[in-house]
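# Below: sequence and its predicted model.
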Amino acid sequence: MKIWFLSLIAVITLTASAAFAMDLHQARSAGLIGEKLDGYAIALKPSAEVNAIVSEVNAKRRLEYARISKQNGQPVDVVAKLAAAQIINGLDAGSQYQGSDGSWKTR
């Protein structure tokens, strides 16, 4: 009976953790993730969850930038920098981004 109860508590805890998992938008709004001028996200307040979000987002962006680069005959870094401008311009109020001087700014 005790093992069953502990198992139930473990399942509830894991389910609750999944329900509270953040996405990129929420992490940006909380000031945990910022947008760099190179087109990639960065963990401003690193944690396991924030680092995982940043890794996943940047991996997807790398693939998309490479696809666009190949399609248009432009270097990947040029595509990424052009994307950065669009990403930064579309940020919600309160989001952090890297300014042209390299400093961090708030939208």
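On my side now, so go ahead.
# use CA for all of it now, contacts and neighbours both
Noted.
# low pLDDT regions in the chain?
Within the chain, the ranges that satisfy pLDDT under 70 run 1-21.
# so where do the helices sit in it?
With helices called from DSSP state H, the chain shows them at 2-19, 24-29, 48-72, 76-89.
# Is it possible to get JSON lines of those that adds distance to D38 and mean neighbour count?
Shown next, in JSON lines, are these (distance: least, CA to CA, whole Å; neighbours: other CA atoms under 10 Å):
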{"stretch": "helix 2-19", "distance to D38": "31", "mean neighbour count": "11"}
{"stretch": "helix 24-29", "distance to D38": "17", "mean neighbour count": "17"}
{"stretch": "helix 48-72", "distance to D38": "11", "mean neighbour count": "15"}
{"stretch": "helix 76-89", "distance to D38": "5", "mean neighbour count": "17"}
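# With respect to Q98, which of those helices lies nearest?
helix 76-89 (8.6 Å; CA to CA).
# List of residues touching the closest one?
Contact with helix 76-89 is made by 35-40, 65-66, 68-69, 97, as judged by CA atoms under 8 Å, 6 or more residues apart in numbering.
# Many thanks, we can stop here.
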